[in-house]
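**Student:** need coordinates for the below:
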Amino acid sequence: MCDYSLHGIKNRLATEGEQLFIHKFHTGSKGLASVTDLKNLEKPAPAPEGAGVWAKFKCWLESQRRWINDDMKRALPAVCIPPGARLQVDGIPVQTQKQFGVGPREQVTFVQLTAEPFRYRDAIRFSNGQEVLLQKLSDGLKMDVLSLALVEEAPEPKPAARASILEQISVG
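**Tutor:** Numbers count the residues shown, from 1 in each chain. Alright, predicted model coming up:
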């Protein structure tokens, strides 16, 4: 859901239809953050009702100070995605397209590559089977959450079952 390196950061579960982006958090690790969460943090705190010009200016100045001191960046929560969720990735850089044999826009499945502790594990799987860790993706790369439900693959019929089906077809 979220790499171990993001557990010390405020986090929440994604919602379907939400737009996310790759973000390097203050810990140095990359993860997913919400465009909406970022926009809400960028809004200056409103001055109290009936406040004068000086009080409004002080509120604005305080919001600017928070950005300069990284307080706002630290307030941005990591957005966690369950394995098997479907995402639409937009604006894939040309170098990444060539490296993984994909186009500029791809539907992907969110996966976890390992359960080992202290290792990055969050990744995306392209439809061609290629997988890439979120840590290797470009900052700012946008993704839309299409579905959080696990997409179940149809089980492959066992060879014995396949043989009996073929026998039934040829007998019948």
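**Student:** may I ask you to name the longest strand in the protein?
**Tutor:** As assigned by DSSP state E, the longest strand anywhere in the chain is strand 105-112.
**Student:** what is the subsequent helix or strand relative to that one?
**Tutor:** Following strand 105-112 in sequence order, the next helix or strand is strand 122-126 (DSSP states H and E).
**Student:** what's the angle between that next one and strand 105-112?
**Tutor:** When axes from the mean of the first three to the mean of the last three C-alpha atoms, to 10 degrees is applied, the directions of strand 122-126 and strand 105-112 differ by 140 degrees.
**Student:** with just CA atoms, put strand 122-126 into PDB.
**Tutor:** Extracted C-alpha coordinates of strand 122-126, given in PDB (Å, rounded to 0.1, in the frame of the first residue of the first chain):
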ATOM      1  CA  ASP A 122       5.600  -0.100  -4.600                       C
ATOM      2  CA  ALA A 123       5.600  -0.400  -8.400                       C
ATOM      3  CA  ILE A 124       3.400  -0.200 -11.400                       C
ATOM      4  CA  ARG A 125       3.000  -3.000 -14.000                       C
ATOM      5  CA  PHE A 126       2.400  -2.000 -17.600                       C
END
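**Student:** could we number from 6 for the rest of this?
**Tutor:** Will do, 6 is the new start, and the previous item becomes strand 127-131.
**Student:** show me what it is packed against.
**Tutor:** Here strand 127-131 touches strand 110-117, strand 136-138, going by 3 or more C-beta pairs under 8 Å, 6 or more residues apart in numbering; DSSP states H and E. Every residue, glycine included, has its C-beta placed from N, CA and C.
**Student:** all the strands of this protein, residue numbers only.
**Tutor:** According to DSSP E, the strands that the chain contains are 16-18, 24-29, 35-39, 83-85, 91-95, 110-117, 127-131, 136-138, 147-152.
**Student:** in TSV: the helices and strands packed on strand 127-131, plus distance to Lys63 and mean pLDDT.
**Tutor:** As requested, the helices and strands packed on strand 127-131 are exported to TSV (distance: least, C-beta to C-beta, whole Å; pLDDT from 0 to 100):
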stretch	distance to Lys63	mean pLDDT
strand 110-117	43	96
strand 136-138	44	96
